[in-house]
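J.: based on what follows, work out the 3D shape:
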Amino acid sequence: MTRNHATGAHQVGVLFVCMGNICRSPTAQGLVRHRLRERGTDWAVRLDSAGTHGYHVGAPPDERSLAAAARRGIDFRDLRARQVLAEDFHQFDLVLAMDSQNLSALARLRPAQAKGELRLLLDFAPGLDVRDVPDPYYGGETGFEQVLDLIEAATEGLLAELQHRLS
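T.: Residues are numbered from 1 along each chain as shown. Now for the predicted structure:
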């Protein structure tokens, strides 16, 4: 947990990570941001997303991700892809990978003494029988809907964890 220098309040930082940061991780950031806004609470939560690879740095989210989210009233067109940086592991309390492959990549990138806790996003949805949010990039429209369903399943558990950390 970090202290917001402007307000003096404690803040929890969450970084969502996939491979290219144009499908799954911006979807997670956008959906969680949307749920926080819906609750109308003054949560001191900093959300961001990044990719383990720099394939799409500066690009907006995939149009198919945006379209699937828009059908659910969620908008994250403002986000832009970036690559994970070493300082992210110091600036974020939770670094949440979308799948085991990216979790392994993050473990290799994580500097010694970093405070960021590495986990899978779906750790927050213990009732599911899957651990990985599959990459929809090379599939059809249904893959993007499935990504939203899985992220949605983890969101309540993640919000409960954030609330616990802030209390």
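J.: surely L96 forms part of a strand?
T.: Yes - looking at L96 with DSSP: H, G, I helix; E, B strand; the rest coil, it is inside a strand.
J.: list the buried residues of the helix or strand G157 falls within.
T.: Assigned by DSSP states H and E, G157 falls within helix 141-166. Buried residues in helix 141-166, counted by 16 or more other CB atoms under 10 Å: 143-148, 150-155, 157-159, 161-162, 165. Quick note: C-beta positions are derived from backbone N, CA and C, even for glycine.
J.: could you find the closest non-adjacent residue to A107?
T.: Nearest residue to A107, sequence neighbours excluded (CB to CB, 6 or more residues apart in numbering): L118, at 6.1 Å.
J.: any stretches of this protein with poor pLDDT?
T.: 1-10, 41-42 (pLDDT under 70).
J.: at 50 what do you get?
T.: Along the chain, segments meeting pLDDT under 50 span 3-8.
J.: next, the distance between the ends of stretch 106-124.
T.: With CA to CA, to the nearest Å as the measure, stretch 106-124 spans 18 Å from end to end.
J.: show me the contact partners of it.
T.: Residues external to stretch 106-124 that are found in contact with it (CB atoms under 8 Å, 6 or more residues apart in numbering): 15-17, 28, 52, 84, 86, 88-100, 103, 128, 130-133, 150-151, 153-158, 161.
J.: just the buried residues out of those residues, in ChimeraX syntax.
T.: Per 16+ other CB under 10 Å, the buried members of the contacts of stretch 106-124 correspond to this ChimeraX selection:
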select :15,16,17,28,52,84,88,89,91,92,93,94,95,96,97,98,99,103,132,133,150,151,153,154,155,157,158,161
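J.: can you pull out the helices in this structure?
T.: With helices called from DSSP state H, the chain shows them at 24-39, 63-70, 88-91, 100-109, 141-166.
J.: and the fourth one with helix 24-39, angle?
T.: The reference is to helix 100-109. Between helix 100-109 and helix 24-39, the angle comes out at 100 degrees (axes from the mean of the first three to the mean of the last three CA atoms, to 10 degrees).
J.: tell me which residues of helix 100-109 are tucked away?
T.: Judged by neighbour count (16+ other CB under 10 Å), helix 100-109 contains these buried residues: N102, L103, A105, L106, L109.
J.: any chance of those residues in a markdown table with distance to R39 as columns?
T.: Shown next, in a markdown table, are the buried residues of helix 100-109 (distance: CB to CB, whole Å):
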| residue | distance to R39 |
| --- | --- |
| N102 | 28 |
| L103 | 28 |
| A105 | 32 |
| L106 | 28 |
| L109 | 32 |
